[in-house]
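Enquirer: return a 3D structure for these sequence lines:
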Amino acid sequence: MNPLYHQATFINSSPSLRDTPPDVGLEIAFAGRSNAGKSSAINTLTRQHGLARISKTPGRTQMLNFFTLNDQQRFVDLPGYGYAKVPIAVKKQWHELMENYLIKRKSLCGMILVMDVRHPLTEFDWQMIDWCQHAELPLHIILTKADKLTFGAARNTLLQVQRELSDLPTPLTLQLFSSLKKTGVDEIHAALNRLFAMRSKPDETFVNAEV
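Expert: Sure, this is the predicted structure:
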């Protein structure tokens, strides 16, 4: 458990890079397909029920949402992608916003990719994984809604996903997570600690983990 993450405070929602906080310090971005449980995961790991907006309508996260931890560290909640029933032009705008952020944001030091354990490795997930590989950006994957499966089935999915990603040139880590049961919180805190620390320790080995 890391009390730092319980101090998270909303800064602003940015529709473009012009409206983002100053590009200094370190940021970890949270990405995930709409309805994968990204907002719930952020609220659970910060122990703040309403920090990240949760909606029954997928795709409500339409901007870059920034949360401060201290004067040097932040979280960024990226727009959810996939199920949202919005015009193609709006989806294109979301995609361009995410692309600009991922390419241009110098303070970005790591990515948390959120996947529904029942539907892992979607096309969007692979796009994000490929981008992190190309950019050599440290990546940690959480398989959410683990409570929806038996422990054995969830564990098997974790191992299957790990096998499919084992040959990637840039290693990553992954874990099971449940916002409902509050399982996997200590593990994601440890992963966040590693991601923040790796910017100052570029030669540190980042190994696969089975959580």
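Enquirer: so where's the chain shaky on pLDDT?
Expert: The chain contains residues with pLDDT under 70 at 1, 54-61, 82-86, 200-211.
Enquirer: switch to 80 and redo it
Expert: The chain contains residues with pLDDT under 80 at 1-2, 53-62, 81-95, 199-211.
Enquirer: could you pull out the strands for it?
Expert: All strands of the chain, identified by DSSP state E, fall at 9-14, 26-32, 64-68, 73-77, 108-116, 139-144, 173-176.
Enquirer: which other helices and strands does the fourth one contact?
Expert: Packed against strand 73-77 by the contact rule (3 or more Cβ pairs under 8 Å, 6 or more residues apart in numbering; DSSP states H and E) you find strand 26-32, helix 38-46, strand 64-68. No exception for glycine: its C-beta is placed from N, CA and C like everyone else's.
Enquirer: show me where the protein has helices.
Expert: 38-46, 88-104, 123-135, 151-165, 185-198 (DSSP state H).
Enquirer: indicate which one of these is closest to T20.
Expert: helix 88-104 (7.7 Å; Cβ to Cβ).
Enquirer: quick one, the closest one and strand 73-77 angle?
Expert: Put simply, helix 88-104 runs at 160 degrees to strand 73-77, going by axes from the mean of the first three to the mean of the last three Cα atoms, to 10 degrees.
Enquirer: among the helices and strands packed on strand 73-77, which comes closest to M198?
Expert: M198 sits nearest to strand 26-32 of all the helices and strands packed on strand 73-77, at 9.7 Å, using Cβ to Cβ.
Enquirer: tell me, how many neighbours does the closest residue to D71 other than its chain neighbours end up with?
Expert: If you skip the residues right next to it in sequence, D71 has G25 as its closest partner in space, 7.1 Å away by Cβ to Cβ, 6 or more residues apart in numbering. Other residues within reach of G25, judged by other Cβ atoms under 10 Å, total 18.
Enquirer: G25: what's it in contact with?
Expert: G25 sits next to D71, Q72, Q73, R74, S107 when contact means Cβ atoms under 8 Å, 6 or more residues apart in numbering.
Enquirer: turn these into TSV, including neighbour count.
Expert: Formatted as TSV, those follow (neighbours: other Cβ atoms under 10 Å):
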residue	neighbour count
D71	8
Q72	12
Q73	20
R74	23
S107	18
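Enquirer: on that earlier part again, any idea which of the helices of the chain is most buried?
Expert: helix 38-46 (a mean of 23; mean count of other Cβ atoms under 10 Å).
Enquirer: in stretch 136-154, what counts as buried?
Expert: For stretch 136-154, the neighbour count (16 or more other Cβ atoms under 10 Å) marks 137-147, 149, 154 as buried.
Enquirer: would you agree D77 is in contact with N43?
Expert: No: counting by Cβ atoms under 8 Å, D77 does not reach N43; the two are 10.5 Å apart.
Enquirer: so what sits against both of the two?
Expert: A52.
Enquirer: and the residue nearest to K181 when sequence neighbours are not counted, how far is that from L176?
Expert: Closest residue to K181 apart from its sequence neighbours, by Cβ to Cβ, 6+ apart: D147 at 4.8 Å. Distance of D147 to L176, computed by Cβ to Cβ, to the nearest Å: 10 Å.
Enquirer: need the overlap of contacts for these two.
Expert: T183.
Enquirer: got a list of contacts for stretch 92-101?
Expert: 15-17, 20, 29, 31, 62-64, 76, 78-79, 81, 108.
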